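Asks: Make a model of this:
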Amino acid sequence: MTEPADATPGAHTPRSAPAPRPTPAQPPTRAARAHSFNAAAAQYAAHRPTYPPALFDALEELTGRPLTGSRVADIGAGTGIATALLHARGARVVAVEPGDGMAAQFRRTLPGIPLVRGSGDDLPLATASLDLVTYAQAWHWTDPARSVPEALRALRPGGALALWWNTDALDVPWIAEAAARTARHFGIDVSAEKRDVNARAADPTGRLDLTRRTVRWSRRVPVDTHLANRASHSVFLVHGPERTAPFLAAEREYLLRAFPDGQVEEVYEVILLCARTPSGQPAA
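Replies: Residues are numbered from 1 along each chain as shown. Here you go, the predicted model:
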């Protein structure tokens, strides 16, 4: 039997005083994960994926109106990835973001688009003032008991609420394997958190008649960009470099063996949930 590394040869440990067992690390809180992005806003802006044009085509179909000229609020806008695309489609968009770091990065990237500070649970927006309220990668940080009535309050009759997430395409073997390694290392299955999004999970209140669409797309990026993207997710940010750096180094070696040219194709399925408010009557 091998002695523990810190044991003195021949030392006797009384049976009445067994060596203490290590205490399992407590999982990071939801609030800690939500706030973790503020310290990594520049990394988030540089490496997170965008969204495909087909997503906004589906959004226009489900809402029954073009984005051009629509009054839109993008909630939990972060660094402005979705906000910029909505603006490019002709929407009159205002961004809402609670985090200091993310808001500062947004203003550097998109100085011409209005940004107000606030959260989805308490929107700083006028009642019945919007055609569309969007949450890109952000709804899961809200409390639906508060965010659902707030979104409905801000929407005009006939307006719409749209929620969407880029999710990993787990039918691609290397992506599924990477997701499994991440889940084992950190004890959090991030892919499942997004993949399991559905109408009941998004709106436990049952007030929304949500329609679901899935849009598949991909992007080809260098291995280091892919790893920087992964490292910008909350499960990495809350654990710090002492735990994430060795994992990412091992992932880099794995990926370079699998992709000797140093390029990987990230494949995503955007999950879109959309609900329209009744026309001709107050939304909330």
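Asks: Can you find which helix in the chain contains the most residues?
Replies: Secondary structure of the chain per DSSP state H: the longest helix is helix 241-258.
Asks: May I have the beta-bridge partners of Asp74?
Replies: Asp74 has these beta-bridge partners by DSSP bridges: Ala95, Thr134.
Asks: I'd assumed Arg89 was in contact with it.
Replies: No - using CB atoms under 8 Å, Asp74 makes no contact with Arg89, being 11.9 Å away. C-beta here means a position set from N, CA and C on the backbone, and glycine is covered the same way.
Asks: out of the two, which sits in the busier spot?
Replies: Taking other CB atoms under 10 Å, Asp74 and Arg89 do not tie; Asp74 has more neighbours (29 against 18).
Asks: Tell me who's in contact with that one.
Replies: By CB atoms under 8 Å, 6 or more residues apart in numbering, Asp74 lies in contact with 82-83, 86, 93-96, 134-136.
Asks: swap in Ala258?
Replies: Trp174.
Asks: can you give me the helices for this protein?
Replies: Secondary structure of the chain (DSSP H): helices located at 30-35, 41-47, 53-63, 81-88, 100-109, 144-154, 173-186, 190-195, 199-202, 223-231, 234-237, 241-258.
Asks: Save those as a markdown table, and put in distance to Leu273 too.
Replies: As requested, the helices of the chain are arranged in a markdown table below (distance: least, CB to CB, whole Å):
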| stretch | distance to Leu273 |
| --- | --- |
| helix 30-35 | 20 |
| helix 41-47 | 23 |
| helix 53-63 | 9 |
| helix 81-88 | 14 |
| helix 100-109 | 23 |
| helix 144-154 | 12 |
| helix 173-186 | 22 |
| helix 190-195 | 12 |
| helix 199-202 | 6 |
| helix 223-231 | 23 |
| helix 234-237 | 21 |
| helix 241-258 | 31 |
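Asks: quick one, which of these is nearest to Val215?
Replies: With CB to CB as the measure, helix 53-63 is the member of these nearest Val215 (4.9 Å).
Asks: What residues of the closest one count as buried?
Replies: By 16 or more other CB atoms under 10 Å, the buried positions in helix 53-63 come out as 55-56, 58-60, 62-63.
Asks: Distance to Cys274 and pLDDT added to these, as JSON lines?
Replies: Shown next, in JSON lines, are these (distance: CB to CB, whole Å; pLDDT from 0 to 100):
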{"residue": "Leu55", "distance to Cys274": "11", "pLDDT": "98"}
{"residue": "Phe56", "distance to Cys274": "12", "pLDDT": "98"}
{"residue": "Ala58", "distance to Cys274": "8", "pLDDT": "98"}
{"residue": "Leu59", "distance to Cys274": "7", "pLDDT": "97"}
{"residue": "Glu60", "distance to Cys274": "10", "pLDDT": "98"}
{"residue": "Leu62", "distance to Cys274": "4", "pLDDT": "97"}
{"residue": "Thr63", "distance to Cys274": "7", "pLDDT": "96"}
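Asks: Looking at those residues, spot the one nearest Val221.
Replies: Distances from Val221 to the buried residues of helix 53-63, taken as CB to CB, are shortest for Leu55 (18.8 Å).
Asks: I'd like the distance between the closest one and Leu110.
Replies: 19 Å (CB to CB, to the nearest Å).
Asks: was I right about Asn166 contacting Ala82?
Replies: No - between Asn166 and Ala82 there is no contact under CB under 8 Å: 10.2 Å.
Asks: More neighbours: which of these two?
Replies: Ala82 (27 against 22).
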